[in-house]
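Colleague: Please work out how this folds:
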Amino acid sequence: MHALLWITGSAAALIGAGYLYQCIGGHRDRLRFAGAGRCIEIGRGYRLYLLEKGSGNPTVLFEAGIGATNLNWFHIQEAVSRFTGTASYDRSGLGWSSPCRTSRTPGNIAAELHDLLRCAGIKPPYILVGHSFGGLAMRCFALLYPEDVAGVLLVDPMRCEEWPPLNPAGQSSIDLGLRLTRLAVPIARVGVIRLAVASLYRHSSRFSGRLAGAAGAGGRHVLQRLKEEVGKMPREIWPLVVAHWSRPGHYAGMYSHIHAIPETVKQMQDAEPIPDIPVRVLTPGKSTPLSGECLRRIGENVQQVIAMGSAHWIHLDEPDLVIDSIREMVAAAAPRGAAVAGLAL
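Modeller: You can find the predicted model right below:
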């Protein structure tokens, strides 16, 4: 009996200590890192984190992939800000933004981004840049607010035909993602994921490897992707990556995004082509190029460029290709930006 009480008390003490460790760490992270940008209220206490760099028109807006934050664009935004204004942000449920209140479909996300820009005072025209799932959100933005958009750059946009309900085989990947993110929320609340992610980026991955192993093959797959993809980012932002991936709310937000994939596919399946606005699609050389029919469904004025040295994360594998594409779009949109500025005066 005494042994059982001792074990129970020790477990409770460990959980309490872990919870305290996570709370203190999360508070310190926000104080250290969130100050680079600003949190913009878009209504009813609902806040989105916005990071602005550079000046000039058109403004380049960055939209990250399904589980990524503004950090995914760090080096690209830094480079682009040298020749025009830029803005990246954290979608609701991710990074430093408020928990999401609506389904994570491209239409809802585009509407929230439009509210964010209005409340932050960032005026059009915009060049929209979206990676993977973020490409779908930018397509929706261009369809909902075409008068605000001067160009669209889609960096290996998510292919709806690979996911349910169009492709039922993708349901297993969705189910795995839901299981892992659901499991991660309580583990993150007691600081275990904070320890694991911190050890991973301090080149002492034994603890993170054991935790991933306990989650099975799916956990090991996620760990490997994190090591490969984040390892391509500038070392200076690794502590910020640790801060984001240590938050329980980050996994709750990822769960909401993954859960909405079938609804996203249904929404985009019926989406109209983007009219008139120039669209460039960057496709990895390691993937099958998009067919002419797929490109016509995206827009009426679409150019596809093959990134021969890239896999899915083109902006990490070939950042110069992305930067040069944005530079060309900014140059092409400059006359329109000057006209809009003249009208404003």
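
Colleague: what ranges do the strands span in the stretch 51-200 of the chain?
Modeller: For the stretch 51-200 of the chain, the strands defined by DSSP state E, counting those that start in this stretch occupy 59-63, 86-90, 126-131, 149-155.

Colleague: So which elements touch the second one?
Modeller: Spelled out, that is strand 86-90. Here strand 86-90 touches strand 47-53, strand 59-63, helix 74-80, helix 106-120, going by 3 or more CB pairs under 8 Å, 6 or more residues apart in numbering; DSSP states H and E. Every C-beta, even on glycine, is put in place using the N, C-alpha and C of the backbone.

Colleague: What are the buried residues along the last one?
Modeller: Meaning helix 106-120. Within helix 106-120, the residues scored as buried using 16 or more other CB atoms under 10 Å are 106-113, 115-117, 120.

Colleague: What is that helix packed up against?
Modeller: Checking 3+ CB pairs under 8 Å, 6+ apart, helix 106-120 ends up next to strand 38-41, strand 47-53, strand 59-63, strand 86-90, helix 133-144, helix 261-269.

Colleague: Now do it: distance to the chain's middle.
Modeller: Centre-to-centre, helix 106-120 and its host chain are 15 Å apart (CA atoms, centre = their mean, to the nearest Å).

Colleague: when you compare where it runs with where strand 126-131 runs, what's the angle?
Modeller: Angle of helix 106-120 versus strand 126-131, following axes from the mean of the first three to the mean of the last three CA atoms, to 10 degrees, is 140 degrees.

Colleague: Now do helix 106-120, average pLDDT.
Modeller: On average, the pLDDT along helix 106-120 is 98.

Colleague: and what of stretch 174-192?
Modeller: Rounded mean pLDDT across stretch 174-192 is 92.

Colleague: And for that stretch, what's in contact with it?
Modeller: With CB atoms under 8 Å, 6 or more residues apart in numbering as the test, stretch 174-192 has contacts from 15, 18-19, 21-22, 25, 163-164, 193-194, 211, 215, 218-219, 222, 246-248, 250-252, 254-255, 258-259, 261-262.

Colleague: List the buried residues for it?
Modeller: Residues of stretch 174-192 classed as buried by neighbour count (16+ other CB under 10 Å): 174, 176-177, 179-181, 184-185, 187-192.

Colleague: what's the weakest-modelled helix or strand in this protein?
Modeller: helix 206-214 (a mean of 53; mean pLDDT, DSSP states H and E).

Colleague: Could you list the low-pLDDT ranges of the stretch 1-150 of the chain?
Modeller: 1-9 (pLDDT under 70).

Colleague: now do 50
Modeller: Residues of the stretch 1-150 of the chain meeting the criterion pLDDT under 50: none.

Colleague: Run a quick neighbour tally on Leu14.
Modeller: 12 (other CB atoms under 10 Å).

Colleague: oh sorry, the question was meant for Glu78
Modeller: Applying other CB under 10 Å, we find 14 other residues in the vicinity of Glu78.

Colleague: re earlier: reformat the helices and strands packed on helix 106-120 as a markdown table; add mean neighbour count and distance to Leu321.
Modeller: Listed next are the helices and strands packed on helix 106-120 as a markdown table, based on neighbours: other CB atoms under 10 Å; distance: least, CB to CB, whole Å:
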| stretch | mean neighbour count | distance to Leu321 |
| --- | --- | --- |
| strand 38-41 | 15 | 30 |
| strand 47-53 | 21 | 20 |
| strand 59-63 | 27 | 15 |
| strand 86-90 | 26 | 17 |
| helix 133-144 | 25 | 16 |
| helix 261-269 | 19 | 25 |
